[in-house]
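Asks: give the three-dimensional model of this entry:
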Amino acid sequence: MTNRGRFSSEKRHRDLGAGNIRHLQGLALLGLAVLLPLAVLSGCVSAASGQGGNPAGQAVLQANPATVNFGNVTVGTKLSQTVSVKNTGTADGVIADASLSSAQFSTSGITLPASLPAGQTLNFLVWFNGTTAGQTSATLTLKTSNAAGDVPIALQATAMPPPAALTMNPASLSFGAVTVGTKSSLSVTLSNTGGSDLTISALTLPGAPFSVSGIAAPKTISAGQSATMNVTYAPSSAGSNSGSIVITSNDSKSPATIPLSGTATTAPVGQLTLSPTSLNFGNVNVSGSSTLTSTLTNSGQAAANISQVNVTGAGFTVSGLTAPATLNPGNSVTLQVKYAPASAGAASGSVSIVSDAQGSPTTLALSGTGLQPGLSLLPGSISFGNVVVGITNSQTVKITNSGNASLTISQATLTGSGFSTSGLTTPLTLAAGQASTFTVLFAPAAAGSVSGSLALTSNAPNSPASIPLSGSGVAATYTLSVSPASLSFGNVNTGSSASQSVSIANTGNSNVTISQISVSGAGFSASGVGAPVTLSPSQSVTLTVQFSPSVAGSVSGTISVVSNASGSPAAISVSGTGVTPPVAHSVALTWNASSSIVSGYNVYRSTVSGSSYAKVSSTLLTGLTYTDGTVQSAQTYYYVTTAVDTSGSESAYSNEVQAVIP
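Replies: Take a look at the predicted model:
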């Protein structure tokens, strides 16, 4: 409802007159002091100090050094540096956590969270353990909980491959007795056991009667590789001879020396040779065997007296020659070497024949690989826990051939009620390192605990491999809960609406289907859940209930949730009261413009005629209308207005108007 009043402010301004206006202006000039408020025009206000520093009561953590450079570090070598963190603030600090952006770095000597009092220093170690060659940059961030900010520490390192390393096998050569005018040859294997290329830059040879073939400098041997150097002893006169081969390389222990020795004799001596000089058995199944032969011949001018026949290497045995034995010039004997691996993997060894022949011992190199499949199961056991009767639960099993030969699973035997498999067909063959998956299922037919096993028969040594199985069948329960069970909307204005939420949850162990949701009670409705809808165990949905009264008065009703749960339907009580909204009142005021030049107008109001006026216009009004929307029912108000000139002087009150609010 709107009341309108009209003022005659123009008359009031005429009554003031020019003299009165001047008088007010004179008062303003003579009696009013001009005060300029202190104001911040722009920017930030901060306290400056000749000392500099930090805000009082704050921790400030600083790391020293802020950048840690490990330089070059050999791969596989772990190196540390000390880092100090000092609290330069005025309050205790706390390092809550630390994070590293690279796994190549780690820390020790610090336990988190760590408290750091003001002025104190904490020392700890930062480690670099480069596993891969190359440059690595990372950041260690110390996270603070009450300091000025987190503390970043830059980390740098370069992982260098291990240096070249020269090994010699054998480390020295003894040719024994050699007949003048003949020669004997032995070999040395030069291997690079380091991580970088080995460069042989020079070979210094002893000279006659020794000579070297098969290798010449410069020579590069890659990491993990080897080269063979042949050394020949060819004496031209009787007597003892010695010397050495000096190998200069980029090995840190360079130069390396191979001592040589031999005795020249004019008497005939035996010389034993093998053909072939090495036997490679290749792949042999574990529990199986393979036999190869080599012929030992005395190609010298005298009988060779054999004192020892030695065999090294797992799985190797030799027959056909038993020491002591004598082998006359020109005669031969056949060595039978057997390889019977007891485990999977590569094997190497030798047959060493010790005699009085020149160049003793005579060596036969042996190598072979034992083959064996391996059966690995993951998981090693399966527990299905509680499974509702009539429901199927499943778990995945991974089979891996952890051996180096083909794995064949010939049979799968399953025991236990309710257990089954899917995706497993026998026979199943897996190559070395290959994996396969299948599914074990549990579908209990009745309540109660069940145990069983799955046994896999194969050609692996752990056959049959068994996986224990267990589970429990539980009876199906169908329960539905609603929360809250009742809703009270209180007073709601007619023509408007209010809403509240209800959570509907499946508290059983089986799926529950809500088939219908019905609403009773005038003004009530529900949304958010469309029936039919199925809830799995522990799943919930939110139902929104609205109350939109069209008439005043109390209303009650029910939300009914129909489902296959026990106790269906679930009922939600709803209630509310429709109320008529109060009538809003306002007073619209207008007035005549002043004949003088003014900046604007103020409106005043009172509940008493002729006095106690209070300004109701919050700002100076430049127009000739104002609406007061703060009035209350059953009240009478009295309004006046004033005019304000350009100097800020305000006129007397205008005539009063009355507004009666019903």
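
Asks: going forward, measure contacts and count neighbours with C-alpha atoms only.
Replies: OK.

Asks: what's downstream of the lowest-mean-pLDDT helix or strand in the chain, the next helix or strand?
Replies: Least confident helix or strand, the chain: helix 9-31 with a mean of 28, by mean pLDDT, DSSP states H and E. Note on helix 9-31: by DSSP states H and E, the next helix or strand toward the C-terminus is strand 61-64.

Asks: what mean pLDDT does the helix or strand just after that following strand get?
Replies: Once strand 61-64 ends, the next helix or strand along the chain (criterion: DSSP H and E) is strand 67-74. What strand 67-74 shows for mean pLDDT is 90.

Asks: tell me what strand 67-74 is packed against?
Replies: strand 78-87, strand 151-160 (3 or more CA pairs under 8 Å, 6 or more residues apart in numbering; DSSP states H and E).

Asks: out of those strands, deepest packed?
Replies: Mean neighbour count, computed with mean count of other CA atoms under 10 Å, is highest for strand 151-160 among those, reaching a mean of 20.

Asks: what angle do it and strand 78-87 make?
Replies: Relative orientation of strand 151-160 and strand 78-87, computed by axes from the mean of the first three to the mean of the last three CA atoms, to 10 degrees: 170 degrees.

Asks: give me the sheet partners of strand 151-160 and which way each runs.
Replies: Each strand that pairs with strand 151-160, with its direction, by DSSP bridges: strand 67-74 (parallel), strand 134-144 (antiparallel).

Asks: out of the helices and strands packed on strand 67-74, nearest to residue 383?
Replies: Distances from residue 383 to each of those were compared using CA to CA; the minimum, 42.7 Å, belongs to strand 78-87.

Asks: return the set of buried residues in the following helix or strand past that closest one.
Replies: Moving toward the C-terminus from strand 78-87, the first helix or strand encountered (DSSP H and E) is strand 93-100. In terms of neighbour count (16 or more other CA atoms under 10 Å), strand 93-100 has its buried residues at 93, 94, 95, 96, 98, 100.

Asks: do stretch 99-112 as well
Replies: 100, 104, 105, 107.

Asks: which one of these is nearest residue 523?
Replies: For the buried residues of stretch 99-112, the closest approach to residue 523 (CA to CA) belongs to residue 100, at 60.9 Å.

Asks: gap between that closest one and residue 253?
Replies: As defined by CA to CA, to the nearest Å, residue 100 lies at a distance of 38 Å from residue 253.

Asks: ok, now residue 102?
Replies: Summarising the geometry, the distance separating residue 102 from residue 253, computed by CA to CA, is 34 Å.

Asks: still on that earlier bit, turn the helices and strands packed on strand 67-74 into a markdown table, columns for distance to residue 221 and mean pLDDT.
Replies: Conversion of the helices and strands packed on strand 67-74 to a markdown table gives the following (distance: least, CA to CA, whole Å; pLDDT from 0 to 100):
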| stretch | distance to residue 221 | mean pLDDT |
| --- | --- | --- |
| strand 78-87 | 27 | 90 |
| strand 151-160 | 18 | 91 |
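
Asks: a markdown table please, covering these and showing distance to residue 637.
Replies: What follows is the helices and strands packed on strand 67-74, written out as a markdown table (distance: least, CA to CA, whole Å):
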| stretch | distance to residue 637 |
| --- | --- |
| strand 78-87 | 68 |
| strand 151-160 | 67 |
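
Asks: and of the strands paired with strand 151-160, who's closest to residue 419?
Replies: If you check each of these against residue 419 by CA to CA, strand 134-144 wins as the nearest, at 51.4 Å.

Asks: quick one: that closest one to chain centroid distance?
Replies: Using CA atoms, centre = their mean, to the nearest Å, the mean C-alpha position of strand 134-144 is found 16 Å from that of the whole chain.
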